[in-house]
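Novice: Could you work out the structure for the sequence below:
(one chain, ligands or ions: 1)
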Amino acid sequence: MAHQSDLIAENIEQYLKEHENKDLLRFITCGSVDDGKSTLIGRLLHDSKMIYEDQLAAITRDSKKSGTTGDKVDLALLVDGLQSEREQGITIDVAYRFFSTDKRKFIIADTPGHEQYTRNMATGASTASLAVILIDARYGVQTQTRRHSFIADLLGIQHLVIAVNKMDLVEYGEARFNEIVEQYKQFADKLDAPNLYFVPMSALEGDNVVNASEHMDWYTGQPLLALLEGIELSRDQNLTDLRLPVQYVNRPNLDFRGYCGTLAAGILRPGQSVRALPSGKTSTVERIVTFDGDLDAAYPGQAITVTLDDEIDISRGDWLVAADAEIAESNAFTADIVWMHEQAMQPGRAYDIKIGTREVSGQIRHIDYQIDVNTLDHHAADELVLNAIGRCQVELTSPVPIDNYRRSPGTGSFIVIDRLTNVTVGAGMVRDALSGTSTGTDVDWQGFEIELNALVRKYFPHWEARDVRELLNR
Ligand SMILES: Nc1nc2c(ncn2[C@@H]2O[C@H](COP(=O)(O)OP(=O)(O)OP(=O)(O)O)[C@@H](O)[C@H]2O)c(=O)[nH]1
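Specialist: Numbers count the residues shown, from 1 in each chain. From the prediction side, this is the model:
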């Protein structure tokens, strides 16, 4: 079990360094208000001895004053306490907590359930491999449960742990648990849902969180922590396709030219034949350079600098892929977009799209449908408001290589940036390439007109856009 030095870390850099030889599981916790998310995280930290003695003494004292658990220690106070410390002076959307056991280190993204739910969850989930979805055993699958599961699935999370909590309030009943499992599975049929795990638990009483439950001997699976420690993650990585989006070209002197980036997919080795996109030029990997020396092989997620045998022209935003890889290139594709800004997405408006390490201007040319995250129904939409999710057609002013997000999240995702304010207003997951359009590098007239209208409204409120256009046409 953990030592004092393994306690919850404040500083992620230092924390990761201390535990660098263990593998890392990032997970997200989701639940409706009062499902017991804080209690669960508190219980996880408490039972795996991640809490300082003085913290425990403080919450034991506070539980008597302001807890909701009678004589018992209210472990939710631990999490809420950490949260309020972190929130002093700054507004954060997602709180991250770090802990480790002998087997693995963990980062929990804890997303507040109330406001701007979709945006927060999408932020927390975008780097997570697993989601713990809490269900109150008394109420079973709720609209929120479906919403959380859908977003987790949309973001390509491979493992969903359905934590049926508060089993103590349903007499630890096996029949009730099975009923909820069935309810959930029926709904999960509509998802691509990858690996599902169901755990009956009581976060309050400590059943099946870290320690196996004495009250539910009918449950033969593992408690939550053992599950989190044991789930195999390597299978989730795409080791087949090679993708290195170049973040920056390092040229300290005439003898060295290295291409730096984080390997998004595949295994890269010296001697490998590679092709640069969009130029199509090929070469061979000479060295893989890192801060700690050269590598014989690099894996997804590793930040590397690559040198090649030939001097081919590669710049920031280009991709290195396997020489024989077949990749569609197009200036149009379909994508699921999560809208993250108060100002609604307007099809036809010009936005900057940052895809991989490249930034290109473009527009959302059409919303095929909006997805109701509560029912998973599709319906028509002219715009996407804050937190809405839609299947859209995106068109760029120049072609890019297209990767499906599910196959390669690192290169198949993008963000949408407002051109006037430079604020990130949306996040998207690429689905399929569409055949290119004649727009090519032409001016995007529709987007231009919308921007023009906005500018005219701002600076010449008494003018009509029509007047401006007439002026331009003269
Ligand atoms: N009986 C019982 N009560 C629980 C259990 N888990 C949590 N609770 C209680 O449920 C209430 C809500 O728990 P929290 O942990 O604060 O729930 P939360 O989901 O974090 O809620 P928010 O922080 O408001 O989003 C508290 O009174 C807890 O003591 C459980 O397993 N059994």
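
Novice: neighbours of D382, just the number please.
Specialist: 10 (other CB atoms under 10 Å). The way it works is simple: take the backbone N, C-alpha and C, and place the C-beta from them, glycine included.

Novice: Over to G140?
Specialist: Counted with other CB under 10 Å, residues neighbouring G140 total 16.

Novice: Am I right that it is in contact with V181?
Specialist: No: look at G140 against V181 with CB atoms under 8 Å: they stay out of range, at 10.0 Å.

Novice: In contact with the nearest residue to D313 once chain neighbours are set aside, which residues?
Specialist: Nearest residue to D313, sequence neighbours excluded (CB to CB, 6 or more residues apart in numbering): S279, at 6.2 Å. Counting by CB atoms under 8 Å, 6 or more residues apart in numbering, S279 touches I312, D313, I314, D318.

Novice: So S279, which state does it fall into?
Specialist: Under DSSP: H, G, I helix; E, B strand; the rest coil, S279 falls in the coil class.

Novice: Quick check: pLDDT value at it.
Specialist: Looking at S279, its pLDDT reads 89.

Novice: May I ask you to confirm that K354 is in contact with D418?
Specialist: No: look at K354 against D418 with CB under 8 Å: they stay out of range, at 12.0 Å.

Novice: if I've got this straight, G221 is in a helix?
Specialist: No: G221: not assigned to a helix; according to three-state DSSP it is coil.

Novice: Leaving out chain neighbours, which residue sits closest to it?
Specialist: G221 sits nearest to V199 (CB to CB, 6+ apart), 6.4 Å away.

Novice: so which strand or helix has the one you found?
Specialist: Assessed by DSSP states H and E, V199 sits inside strand 195-200.

Novice: Poorly predicted segments of the chain, please.
Specialist: Within the chain, the segments meeting pLDDT under 70 span 1-22, 49-95, 112-126, 193, 234-236, 436-474.

Novice: And the strands in the stretch 301-450 of the chain?
Specialist: Ranges of strands within the stretch 301-450 of the chain are 303-308, 319-322, 328-339, 350-355, 358-371, 378-379, 389-402, 413-418, 424-434, based on DSSP state E, counting those that start in this stretch.

Novice: Any idea which of the ones you listed gets closest to R275?
Specialist: strand 319-322 (5.6 Å; CB to CB).

Novice: which parts of that closest one are buried?
Specialist: W319, L320, V321, A322 (16 or more other CB atoms under 10 Å).

Novice: any idea which of those residues is closest to the ligand?
Specialist: Of all the buried residues of strand 319-322, W319 has the smallest distance to the ligand: 41.1 Å, by CB to the nearest ligand atom.

Novice: Grab the nearest non-local neighbour of that closest one.
Specialist: Per CB to CB, 6+ apart, closest to W319 is L277, 4.5 Å.

Novice: Return the residues in contact with that neighbour.
Specialist: D318, W319, L320, V321, I327, E329, P401.

Novice: 7 Å instead?
Specialist: Neighbouring residues of L277 by CB atoms under 7 Å, 6 or more residues apart in numbering: D318, W319, V321, I327, P401.

Novice: Spit out the contact partners of the fourth one.
Specialist: With contact taken as CB under 7 Å, 6+ apart, I327 is in contact with L277, V321, P401.

Novice: quick one, helices of the chain?
Specialist: 12-18, 37-47, 53-66, 76-87, 117-125, 143-154, 174-188, 224-230, 445-459, 465-473 (DSSP state H).
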